[in-house]
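S.K.: no sequence for this one, just the structure:
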């Protein structure tokens, strides 16, 4: 049974068709990569899954449950974690608060208990802190920066904090938009290791967009290739690599 | 001497007062605030009361504008809703003061929700313009719904009573105001220890990604408007009870602008900033007044320039802080504090 | 019926003058994305300078008006250079507040220089009322309207054909592209502030000529907001249409409703309409919703 299935999704802005009839499904516990040239509609498909864009046509189901009517925040609460292409951390908060924010949907504190901060609200914050320290901060090795404002961090670390925030959501599916874009070889390797660990330790399903082909071929179980909003191919990394239409799109058509 | 700050449990790191030093200084401050009315003269006591009420209003506005990023040019009108609610309930229906305080807050919060409700769809400057319109419409209602608001002559209030004690002088009022200031400031601080406050900041910094992190934007923007205007309503109730009268002149657009100026001068997105800003913007006009009074000895006409001088200085303060010290007085305070924290062994 | 027509026509004329003031706002917003709350004060200062030139220095309007244009351009450029240039990239609230602070400074300065009392202008136009059928129009209003429309058309032509206008439009469209085409984007900001101040102060002279001038004249600047919500924040034609609509709307509301409320409806009505429009269309009547990206 698929954990996530996208059926015949089309999306257009004004007259511009960004996605046309894209369908695929993601199995529980796999690393599913979406690749394609710039403007292929990769981020758009993540935004459709997250509920940020409403598709013009088609539907998205999570655990066989249709999500089309759910707003983005409700989908997040169901277990859709997300990281962004252009880091979307909150610069007014420390690293720790950014990560805590990820756990928003898992907490119960309401407006009134927040204002009084007695009993339950206080206990919840202390429990949250402990969980985050043990499961996220430890895991991603960011103990030393937890009190820093996020704006002061290097790019690679910001990407890592963003992953930490997404992990604090305890996602069932983690949607990652270019997790290693702009990173050097060492940082890329670290990130690849984290992604594999997340998959293995928490059995989290991962959907990621990436341009780094080496990493994609190394870590992903299946790959979807998009071009101008159309599906070119979908299969294991090896199958995709050999697919004639993919070769054509990436390397150009042989003249002859 | 304080040489370092070590915490060994997560609970102590999440505690309300993080270390002994801050507890000590808060204690000193508290003792000062309690003894202040016994030492201060009439004028200072009056000013302290006005400042306290203003702090409540400014903290409310900073939650909405400074923390949650929702611009409001209608804060004075919400204070006005609280003021009129208090005046009408106490003068017509003999509702006791403490209940009025609650009702004023609730009524203002309701208006805040009505105005803020559409804010999910309105962004930045459009929201600013909508709250400007709300301010002008409420001002019109204060002036023109004479059967309820008493028109431009307003309403006189009876002397409020708390637990049977009549608040018939500034000294007694001081303690009521101080209690409420402490309650509001504490509540505001608490808010930002929890997910509610974090959600506000997330909405301010990047509202789109906040939604993808599981934050219901409508719900939290409504919360921000509700808390902010509740505090405005409480401030309004205190203000009109303190002055024993309410007229539309107390709540013009300029007053909304003055509150915005306070949180900018004090520091956007800082509770301490709201307090500093309220104190600063209450005392600066008074200082200009006494300065011109002194100048009056040399230039007899100096006093006639009071209003325009205050206007110019007010504008210069807003522009000056935004250009040179955008994080306001709170930032200056932290810099000074950090300098002295490990003094004289900062290295 | 003739009251209705009278209200519509005079509202239309006032609206044309509002359009010129709103143009002073739109020119700045279009190029710099800055909401200028001090537009009304630019207008008031322009009116005062003109007043001083013609009353104290006894200059003819043909010298006075060009001098006001120069002074307004300097004021606008100075404000941009000294203040707004430091605000690039700051949040909306800070930029709005900086212009509010500016309006307070200008208001205070005007009152220190010219005092708070009301001053009326020497006559600029023929005093004879204009009569069209049964409609009687005050000559100041009529000629003021004509002048305002001429100025608006001149601005439109400059924008469409003059080199500086084309560069301003390019900057408004896409700052980075304009920059890469060799346009000095920063000086375009300065120029649009100068143009905005010129439009506003010319509007100020016309308004001052109709009803006299005092420091609080700038409050008329608040009317810009319903105008631009009706007409679109960044469209010159929108400012004209919005201005005319608001002029008619407030005149009708004032004429028919003020007697029931003891006044005040005239100034309020545009804001009530503004709220209703924003509830239905959150980006204004002609505003475009931006596609948001992540």
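M.R.: Thanks, I have the structure now. In this text, all values refer to a predicted model and were calculated from it rather than measured experimentally.

S.K.: Figure out the helix or strand that residue B:291 lives in.
M.R.: Per DSSP states H and E: residue B:291 is located in helix B:271-295.

S.K.: Outline the domain layout of chain B.
M.R.: Residue ranges for each domain of chain B read B:1-39, B:40-341, as given by automatic domain parsing.

S.K.: Pick the most deeply packed of the ones you listed.
M.R.: Among the domains of chain B, domain B:40-341 has the highest mean neighbour count (mean count of other C-beta atoms under 10 Å in any protein chain shown), at a mean of 21. (Each C-beta comes from the backbone N, C-alpha and C, glycine too.)

S.K.: Is that domain positioned near chain A?
M.R.: Yes - interface with chain A: domain B:40-341 contributes B:187, B:190-191, B:193-199, B:201-202, B:204-206, B:208-217, B:223, B:226-227, B:269 (C-beta under 8 Å from any C-beta of the partner chain).

S.K.: Now the terminal residues of that domain, how far apart.
M.R.: End-to-end distance for domain B:40-341, by C-alpha to C-alpha, to the nearest Å: 31 Å.

S.K.: where's that domain relative to the chain centroid, distance-wise?
M.R.: 4 Å (C-alpha atoms, centre = their mean, to the nearest Å).

S.K.: Now do residue B:223 against chain C, distance only.
M.R.: Plainly put, residue B:223 is 19 Å away from chain C if you go by C-beta to the nearest C-beta, to the nearest Å.

S.K.: which stretches of chain B form strands?
M.R.: B:155-156, B:161-162, B:165-166, B:245-246 (DSSP state E).

S.K.: Mind putting those strands into a markdown table with distance to residue B:255 and mean pLDDT?
M.R.: Compiled in a markdown table, the strands of chain B are given as follows (distance: least, C-beta to C-beta, whole Å; pLDDT from 0 to 100):
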| stretch | distance to residue B:255 | mean pLDDT |
| --- | --- | --- |
| strand B:155-156 | 18 | 90 |
| strand B:161-162 | 26 | 87 |
| strand B:165-166 | 29 | 86 |
| strand B:245-246 | 13 | 94 |
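
S.K.: Select, out of those strands, the one closest to residue A:17.
M.R.: strand B:245-246 (59.7 Å; C-beta to C-beta).

S.K.: which helices and strands sit right next to the closest one?
M.R.: helix B:75-93, strand B:155-156 (3 or more C-beta pairs under 8 Å, 6 or more residues apart in numbering or on different chains; DSSP states H and E).

S.K.: Grab the nearest non-local neighbour of residue B:83.
M.R.: residue B:236 (3.6 Å; C-beta to C-beta, 6 or more residues apart in numbering or on different chains).

S.K.: Contact partners for the one you found?
M.R.: Shown in contact with residue B:236 (C-beta atoms under 8 Å, 6 or more residues apart in numbering or on different chains): B:57, B:78-86, B:104, B:108, B:251.

S.K.: Kindly report the same for residue A:148.
M.R.: Counting by C-beta under 8 Å, 6+ apart, residue A:148 touches A:94, A:95.

S.K.: pLDDT score assigned to the spatially closest residue to residue A:76 that is not a sequence neighbour?
M.R.: Residue nearest to residue A:76 in three dimensions, not counting chain neighbours: residue B:214, with 3.5 Å by C-beta to C-beta, 6+ apart. At residue B:214, the pLDDT value in this model is 91.

S.K.: Look up how far residue B:202 lies from residue B:214.
M.R.: 10 Å (C-beta to C-beta, to the nearest Å).

S.K.: Also residue B:196?
M.R.: Noted for residue B:196: a distance of 11 Å to residue B:202, by C-beta to C-beta.

S.K.: now residue A:137
M.R.: Distance of residue A:137 to residue B:202, given as C-beta to C-beta: 19 Å.

S.K.: joint contacts of residue B:214 and residue B:202?
M.R.: Common neighbours of residue B:214 and residue B:202 (C-beta under 8 Å, 6+ apart) do not exist.

S.K.: what residue is smack in the middle of chain B?
M.R.: The residue lying closest to the centre of chain B (C-alpha atoms, centre = their mean) is residue B:58, at 1.7 Å.

S.K.: my read: that residue touches residue B:277, true?
M.R.: Yes - using C-beta atoms under 8 Å, residue B:58 is in contact with residue B:277, at 5.7 Å.

S.K.: Need the overlap of contacts for these two.
M.R.: Counting by C-beta under 8 Å, 6+ apart, the residues touching both residue B:58 and residue B:277 are B:262, B:263, B:266.

S.K.: Apart from its chain neighbours, what residue comes closest to the second one?
M.R.: Read it as residue B:263. Nearest one to residue B:263, counting by C-beta to C-beta, 6+ apart, is residue B:62 at 4.5 Å.

S.K.: surely residue C:72 meets residue C:198?
M.R.: Yes - between residue C:72 and residue C:198 there is a contact under C-beta under 8 Å: 4.8 Å.

S.K.: More neighbours: the two, which one.
M.R.: Applying other C-beta atoms under 10 Å in any protein chain shown to residue C:72 and residue C:198 shows that residue C:72 carries more neighbours, namely 28 against 25.

S.K.: what's the helix or strand containing that one in contact with?
M.R.: Applying DSSP H and E as the criterion places residue C:72 in helix C:61-82. For helix C:61-82, contacts defined as C-beta under 8 Å, 6+ apart pick out C:32, C:38, C:42, C:45-46, C:49-50, C:53-54, C:59, C:102, C:124, C:189-191, C:193-198, C:200-202, C:205.

S.K.: what about 6 Å?
M.R.: Applying C-beta atoms under 6 Å, 6 or more residues apart in numbering or on different chains, the contact partners of helix C:61-82 are C:46, C:49-50, C:53-54, C:124, C:189-190, C:193-194, C:196-198, C:201.

S.K.: do you know how far residue C:190 is from residue C:74?
M.R.: Taken as C-beta to C-beta, the span from residue C:190 to residue C:74 is 11 Å.

S.K.: more neighbours, the two?
M.R.: residue C:190 (21 against 12).

S.K.: wait, what's in contact with the more buried one?
M.R.: C:77, C:80.

S.K.: Name the nearest residue to residue B:10, sequence neighbours excluded.
M.R.: Nearest non-adjacent residue to residue B:10, counting by C-beta to C-beta, 6+ apart: residue A:129, 4.5 Å away.

S.K.: quick one: the helices in the stretch 151-256 of chain A?
M.R.: Per DSSP state H, counting those that start in this stretch, the stretch 151-256 of chain A carries helices over the ranges A:155-168, A:185-202, A:213-219, A:237-242, A:244-251.

S.K.: how about CSV for the contacts of residue B:236, with distance to residue C:181 added?
M.R.: Shown next, in CSV, are the contacts of residue B:236 (distance: C-beta to C-beta, whole Å):
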residue, distance to residue C:181
B:57, 49
B:78, 48
B:79, 50
B:80, 51
B:81, 52
B:82, 54
B:83, 56
B:84, 57
B:85, 58
B:86, 61
B:104, 58
B:108, 52
B:251, 50
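
S.K.: ok, and does stretch C:276-288 reach over to chain B?
M.R.: Yes - Stretch C:276-288 lies within reach of chain B by C-beta under 6 Å from any C-beta of the partner chain, at C:278, C:279, C:282.

S.K.: And the second one, how close does it get to chain A?
M.R.: I take that to be residue C:279. Distance from residue C:279 to chain A, by C-beta to the nearest C-beta: 21 Å.

S.K.: Now that residue: closest residue in space that isn't a chain neighbour?
M.R.: residue B:118 is the one closest to residue C:279 (C-beta to C-beta, 6+ apart), at 5.6 Å.

S.K.: follow-up on the earlier one: which element follows the helix holding residue C:72 toward the C-terminus?
M.R.: helix C:92-114.

S.K.: between the longest helix belonging to chain B and helix B:75-93, how big is the angle?
M.R.: For chain B, the longest helix by residue count, based on DSSP state H, is helix B:217-243. Here helix B:217-243 points in a direction 60 degrees away from that of helix B:75-93 (axes from the mean of the first three to the mean of the last three C-alpha atoms, to 10 degrees).

S.K.: Can you give me the pLDDT of residue C:265?
M.R.: pLDDT, read off for residue C:265, is 87.
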